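Participant: Fold the following and give me the result.
(chains A and B)
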Amino acid sequence: EAQVTQNPRYLITVTGKKLTVTCSQNMNHEYMSWYRQDPGLGLRQIYYSMNVEVTDKGDVPEGYKVSRKEKRNFPLILESPSPNQTSLYFCASTRSRDTLFEQYFGPGTRLTVT
Amino acid sequence: AQKVTQAQTEISVVEKEDVTLDCVYETRDTTYYLFWYKQPPSGELVFLIRRNSFDEQNEISGRYSWNFQKSTSSFNFTITASQVVDSAVYFCALSEWVMNRDDKIIFGKGTRLHILP
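Facilitator: This is a model prediction of the structure:
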């Protein structure tokens, strides 16, 4: 079954404790991205990757890091989480730039930073 | 700069009524893509449609239809004969398409649609 998986689905952590949210897709997609969803702000793109070893900033990259060492994985790293990073995070993938907007989304990760 | 405005924060209609969700966009480019996503209460995001800036034909898919008008920079979404299962948050989004440039996607803030039985 074609899917995007994220782990963990729920996470409560404390300020400053490094964490990683994993994202994996099994569709051999080139393009992957991370979004955060906040009430009243909709979805905002954090980082995206057009292929292995190619990543770039979205609209709200501050406080986040990503890596794309393998095509299927695109982890989101919060080196020193802060309460303003409490949010619902979505990973997404699409086959290539040409199909950019037919994105498959993961189920979401709800992160709470206290 | 790119911008997507969904002025309707929340809409409630009675089942079987038609409802239109508005989306107005701003872009400096002539080539761009627009799309709609649905987020039901379960939280996942579901792709609904993509349109490119050169194709102004309206599209119909079952009870869903989309009206793209470049003259007013709008890409409105209409649900005909709404059903309770249509209750969700709907996002409109935009991305410009320029070679050798970044591919940021800008989402609107979403419209929460309640279909009342």
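
Participant: Around chain B, pick out the residues from chain A.
Facilitator: Within chain A, the positions lying close to chain B (CB under 8 Å from any CB of the partner chain) are A:31, A:33, A:35, A:40-45, A:48, A:50, A:56, A:58-59, A:88, A:90, A:92, A:97, A:100-105, A:107-108. In short, each C-beta sits where N, CA and C put it, glycine included.

Participant: quick one: which of those sit in strands?
Facilitator: A:31, A:33, A:35, A:42-45, A:48, A:50, A:56, A:88, A:90, A:92, A:104-105 (DSSP state E).

Participant: Between all of those, which two are separated the most?
Facilitator: With distances taken as CB to CB, the most widely separated pair in these is A:Met50 and A:Leu88, at 24.3 Å.

Participant: So if I had to pick from the two, which one is more boxed in?
Facilitator: Neighbour count, other CB atoms under 10 Å in any protein chain shown: between A:Met50 and A:Leu88, A:Met50 has more, with 18 against 15.

Participant: quick one: that one from A:Leu78, how far?
Facilitator: 22 Å (CB to CB, to the nearest Å).

Participant: Report pLDDT for the nearest residue to A:Gly58 once chain neighbours are set aside.
Facilitator: Closest residue to A:Gly58 apart from its sequence neighbours, by CB to CB, 6 or more residues apart in numbering or on different chains: A:Gln45 at 3.1 Å. With respect to pLDDT, A:Gln45 scores 89.

Participant: any weak-confidence spans in chain B?
Facilitator: B:97-104 (pLDDT under 70).

Participant: Residues of it that sit close to chain A?
Facilitator: So chain B meets chain A at B:6, B:33, B:35, B:43-47, B:50, B:91, B:93, B:95, B:102-110 (CB under 8 Å from any CB).

Participant: Just the buried residues out of those, in ChimeraX syntax.
Facilitator: The command below creates a ChimeraX selection of those among the residues of chain B next to chain A that count as buried (16 or more other CB atoms under 10 Å in any protein chain shown):
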select /B:6,33,35,44,45,47,50,91,93,95,103,104,105,106,107,108,109,110
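
Participant: What are the contacting residues of whatever helix or strand B:Lys38 lives in?
Facilitator: Taking DSSP states H and E as the criterion, B:Lys38 maps to strand B:32-39. For strand B:32-39, contacts defined as CB atoms under 8 Å, 6 or more residues apart in numbering or on different chains pick out A:100-101, B:23, B:25, B:45-53, B:66, B:68, B:75, B:77, B:88-97, B:107, B:110.
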